[in-house]
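1. next input, structure requested:
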Amino acid sequence: MIRQLASDLTEVLLRSICSTRFIYGSLGGLVFLGIFYFGYGNLDPETFKYRDDGVITLSHARNFVDYGHIGVDPSGKRLEGFSSPVQFWIYAAVYGLTGIGWDTFADIQTLLCTFLLGFIFLQFFEKNWIMGLMGGFFAAWFMQFHHSFYLWHASGMENPWTHVLFMGSALLLFRAFRGDHIQFRWAGVLFLASISRLDSIFHLAPMALTWALMWYSEYRTWRSFHLIGLAFTFWGIYQFWRWYYFGTLLPNSGLAQGIDVQQNISYLWGKNLDHLIESLRWARIIANSHGVWFLLPLLFFLPFTKVNRDSQFFLIITGVMTATVFLNPAIFGMTRLDPGRSTTFLVPFISLLLTWQFSQLQLFKQKNLVLSILVPVTLFIFIIYVPAWAGKPHPLCCSAVINEEIILEGEKFARENKLHRLNVAAPDLGKLSYTKLFNLTDLGYLGSPIMAHFRDRPAQQVEYFFNYALPDLVEVHGPWCETYRQLLSDPRFREMYEPIRESKNGLPEALLRKWPLVRTGIYVRKALITENYSLEWQLIQQLQQDLNPDHLWQYQKRLMHKSNLEFSVLILRTAYRFLPEFESNDQLEAVIQIFEGSPIEQYGKAILMSRHWRNWETEAINYLEERLPILVGSRVAQ
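-> As a prediction, this is how the structure comes out:
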């Protein structure tokens with residue numbers, strides 16, 4: 001029986017591979033690969049490959065596989081510092097099965113998704129494969145000049161999965177609309193598209209609902225609504241799981257970027273003029289980067305085009321997608337790193353519509369004399385104008401390579417001073433966190449909910465940094481020096497840290513005049529240098545030799561009479577370094593009991609339980625909201 005089943009599966013697979021649909025789809029995939037990679041080969045890889053934010057998502061996935069919780073710290077802290085669930089879960093599965101690194105995965109992701117994008121593109125032309133291949137060549141050529149789409153597609157971020165899943169969803173809906181046939185397993189593809197980014201539902205839902213209405217108008221059945229209802233049910237279940245696991249539906253990536261959807265909607269509802277003007281400005285930039293204006297020539301060709309049901313589908317769906325993209329900045333604000341990065345999926349839709357409408361031109365009808373002039377002229381203008389319009393691509397923000405020096409310096413500092421699992425503060429989290437060598441205080445906010453929470457209250461953020469976080473190594477550069485000018489200028493920074501390297505080169509003169517102590521650089525905490533023989537250094541050495549909570553108990557008793565916040569946090573920081581080891585030895589409960597009755601009991605339990613406790617962030621912030629104003633007031637009084 002098993003042999004027969006294997007034989008049947010093999011026969012089905014061979015039949016599929018030998019089908020016309022698969023062969024031409026594969027040719028389309030190869031066309032996209034050839035054109036895309038020819039263009040990539042003429043660019044400096046360092047300007048667009050391996051962006052830091054993409055590695056952040058993969059770091060969360062590695063943490064889930066290696067340490068059993070979603071976050072970036074080996075020691076703990078449940079955290080959703082990413083906005084691309086599909087990429088997260090794909091890499092978690094791939095890494096769990098193969099162990100491949102983030103860079104290899106990013107390369108495979110770009111290769112696979114480029115092929116799939118071309119494969120899917122050809123499927124729209126199954127009634128005219130040759131026209132599809134010609135159109136695929138044009139579409140791929142056209143897309144590579146939309147730099148926001150083209151470069152982010154190969155950046156290692158989630159963009160290629162979004163491109164493939166949105167186009168795949170459109171293909172399934174197109175086939176259903178064309179053939180009066182719906183399969184409910186398609187709900188899985190629609191669901192994946194809806195979580196390719198956390199905001200994808202904003203774009204996918206209108207497209208799906210529009211299709212459902214078109215279907216109902218055509219066939220007078222409710223099956224279309226049943227399909228999208230099933231897909232949205234999956235989406236709702238996933239959101240419930242997010243809330244259950246993280247304790248909130250707002251990802252830390254949203255908090256870190258200051259995204260407040262509810263407030264933005266209230267601005268629209270209240271007709272806030274400043275918000276509307278700013279949103280329109282960003283919408284214009286996005287429209288230009290995605291080539292929306294190239295849809296205008298369609299108006300000239302409509303009189304010469306066969307407008308059938310299929311054409312209506314493409315026109316309406318692309319119109320709906322364009323509308324939601326225009327609304328995107330009004331609802332979600334400016335996208336981090338690049339205004340158009342989160343909506344690059346629109347470019348394949350525009351390319352598909354242009355190609356489809358061209359394929360529907362009535363070249364051999366009565367008006368062919370006009371077309372014989374109009375078509376060559378239009379193509380000539382496209383070929384000449386599109387490259388000139390696109391210009392040279394600008395380097396994408398935030399390469400993961402920038403972290404290499406920090407990793408090397410962190411390893412060196414830990415090795416020379418016999419330190420276990422440093423806490424490193426830096427604004428670029430990706431590669432740094434992916435190594436799993438360090439715990440992190442993310443100066444870029446994505447990996448640190450507490451830092452993100454106090455981003456608009458710098459005085460309290462500074463007190464949190466010096467009284468609670470107190471990282472072992474700090475790196476700051478570029479615009480982040482402006483962001484953390486108060487912290488870097490605080491006298492405690494020079495008292496507690498010494499530079500490995502620092503410089504004022506590249507910093508604005510206006511910043512240096514007002515904040516003369518601000519520098520770029522890498523700094524290490526003096527208390528952890530071996531020669532200083534501090535209490536914290538001694539405790540770390542004892543735990544490395546004998547991992548026993550009794551050492552923490554002894555220090556707690558020894559310092560209890562001082563009732564001092566500094567010493568309680570010192571013990572907590574040290575315990576957090578060794579948290580994975582304590583937990584693997586079933587000693588976590590004993591460590592938590594150490595802080596009962598201490599000045600930081602609430603905060604300490606939240607931090608130590610952060611990998612297991614969905615409400616850890618709320619408890620920690622409630623504690624800090626009460627204590628930090630007191631510390632700020634005390635500093636002001638001094």
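
2. residues near residue 489, how many?
-> When neighbours are defined as other C-beta atoms under 10 Å, residue 489 has 16 of them. Every C-beta, even on glycine, is put in place using the N, C-alpha and C of the backbone.

3. for the one 10 residues further on, same thing?
-> One way to gauge burial is a neighbour count; for residue 499, by other C-beta under 10 Å, it gives 13.

4. which residues touch it?
-> 519, 521, 522, 523 (C-beta atoms under 8 Å, 6 or more residues apart in numbering).

5. most neighbours among those residues, which one?
-> Neighbour counts for these, by other C-beta under 10 Å, peak at residue 523, which reaches 24 neighbours.

6. check which helix or strand covers that one.
-> Using DSSP states H and E, residue 523 sits within strand 520-525.

7. quick revisit: format the contacts of residue 499 as JSON lines; extra columns: pLDDT and distance to residue 168.
-> Shown next, in JSON lines, are the contacts of residue 499 (pLDDT from 0 to 100; distance: C-beta to C-beta, whole Å):
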{"residue": "519", "pLDDT": "93", "distance to residue 168": "49"}
{"residue": "521", "pLDDT": "95", "distance to residue 168": "47"}
{"residue": "522", "pLDDT": "96", "distance to residue 168": "45"}
{"residue": "523", "pLDDT": "97", "distance to residue 168": "48"}
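
8. and those, which two are furthest apart?
-> Maximum pairwise distance among the contacts of residue 499 (C-beta to C-beta): 10.3 Å, between 519 and 522.

9. any shared contact partners between the two?
-> Shared contacts of residue 519 and residue 522, defined by C-beta under 8 Å, 6+ apart, comprise 499, 502.

10. pLDDT below threshold where in the stretch 301-450 of the chain?
-> Applying pLDDT under 70 to the stretch 301-450 of the chain flags the ranges 362-375, 377, 380.

11. rerun at 80
-> Low-confidence segments of the stretch 301-450 of the chain (pLDDT under 80): 301-308, 334, 336-337, 359-391, 402-403.

12. hey, where'd the strands end up in the stretch 301-450 of the chain?
-> Taking DSSP state E, counting those that start in this stretch as the test, the strands found in the stretch 301-450 of the chain are 423-426, 439-442.

13. and the last one, what does it pack onto?
-> I take that to be strand 439-442. Contact analysis of strand 439-442 by 3 or more C-beta pairs under 8 Å, 6 or more residues apart in numbering; DSSP states H and E lists strand 423-426 as its packing neighbours.

14. quick one: strands adjacent to the strand it packs on?
-> Here strand 423-426 has these sheet partners by DSSP bridges: strand 439-442 (parallel), strand 473-476 (parallel).

15. can you tell me the SS state at residue 74?
-> For residue 74, the assignment made with DSSP: H, G, I helix; E, B strand; the rest coil gives coil.

16. name the element residue 282 belongs to?
-> Going by DSSP H and E, residue 282 is part of helix 273-289.

17. residue contacts, residue 382?
-> Contacts of residue 382 (C-beta under 8 Å, 6+ apart): residue 142.

18. that one and residue 393, how far apart?
-> 19 Å (C-beta to C-beta, to the nearest Å).

19. now the helix holding residue 282: average pLDDT?
-> The average pLDDT within helix 273-289 is 87.

20. elements contacting it?
-> Counting contacts by 3+ C-beta pairs under 8 Å, 6+ apart, helix 273-289 is packed against helix 261-269, helix 309-332.

21. in a markdown table: these, plus distance to residue 129 and mean neighbour count.
-> Shown next, in a markdown table, are these (distance: least, C-beta to C-beta, whole Å; neighbours: other C-beta atoms under 10 Å):
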| stretch | distance to residue 129 | mean neighbour count |
| --- | --- | --- |
| helix 261-269 | 43 | 13 |
| helix 309-332 | 16 | 18 |
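
22. got these as CSV, with distance to residue 450 columns?
-> Converted to CSV, those look like this (distance: least, C-beta to C-beta, whole Å):
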stretch, distance to residue 450
helix 261-269, 22
helix 309-332, 23
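
23. and those: which comes nearest residue 204?
-> helix 309-332 (8.9 Å).

24. so which elements touch that closest one?
-> On a contact count with 3+ C-beta pairs under 8 Å, 6+ apart, helix 309-332 meets helix 159-179, helix 201-219, helix 261-269, helix 273-289, helix 346-359.

25. any chance of the ones you listed in TSV, with distance to residue 594 too?
-> Listed next are those as TSV, based on distance: least, C-beta to C-beta, whole Å:
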stretch	distance to residue 594
helix 159-179	45
helix 201-219	45
helix 261-269	41
helix 273-289	50
helix 346-359	55
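
26. circling back to that earlier point, in its sheet, what does the strand holding residue 523 sit against?
-> With DSSP bridges as the test, strand 520-525 is paired with strand 473-476 (antiparallel), strand 497-503 (antiparallel).

27. dump these to CSV, plus mean pLDDT and distance to residue 97.
-> Putting those into CSV (pLDDT from 0 to 100; distance: least, C-beta to C-beta, whole Å) gives the following:
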stretch, mean pLDDT, distance to residue 97
strand 473-476, 96, 34
strand 497-503, 94, 39
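
28. pick the most deeply packed of these.
-> Across those, the average number of neighbours (mean count of other C-beta atoms under 10 Å) peaks for strand 473-476, which reaches a mean of 25.

29. just checking the distance from that one to the centre of its chain.
-> Averaging C-alpha positions (C-alpha atoms, centre = their mean, to the nearest Å) puts strand 473-476 23 Å from its chain's average.

30. could you do stretch 202-216 as well?
-> Offset of stretch 202-216 from its chain centre (C-alpha atoms, centre = their mean): 26 Å.

31. against residue 145, how distant is residue 40?
-> Between residue 40 and residue 145 the computed distance is 13 Å (C-beta to C-beta).

32. could you do residue 42 as well?
-> From residue 42 over to residue 145 (counting by C-beta to C-beta), the distance is 13 Å.

33. out of these two, which sits in the busier spot?
-> Using other C-beta under 10 Å, the more surrounded residue of residue 42 and residue 145 is residue 145, with 20 against 6.

34. which residues does that one contact?
-> Contact analysis of residue 145 by C-beta under 8 Å, 6+ apart lists 386, 387, 389, 390.

35. equivalent analysis for residue 487, please.
-> For residue 487, the contacting residues are 458, 461, 462, 465, 493, by C-beta under 8 Å, 6+ apart.

36. state the distance from it to residue 123.
-> Distance of residue 487 to residue 123, given as C-beta to C-beta: 54 Å.

37. what do you get for residue 213?
-> 24 Å.

38. between those two, who's got more neighbours?
-> Neighbours were counted for residue 213 and for residue 123 using other C-beta under 10 Å; residue 123 has more, 20 against 13.

39. pLDDT score for that one?
-> According to the prediction, residue 123 has pLDDT 93.

40. surely it meets residue 22?
-> No - look at residue 123 against residue 22 with C-beta atoms under 8 Å: they stay out of range, at 9.9 Å.

41. so for residue 347, which of the strands of the stretch 301-450 of the chain sits nearest?
-> For residue 347, the closest of the strands of the stretch 301-450 of the chain is strand 439-442, at 31.2 Å, according to C-beta to C-beta.
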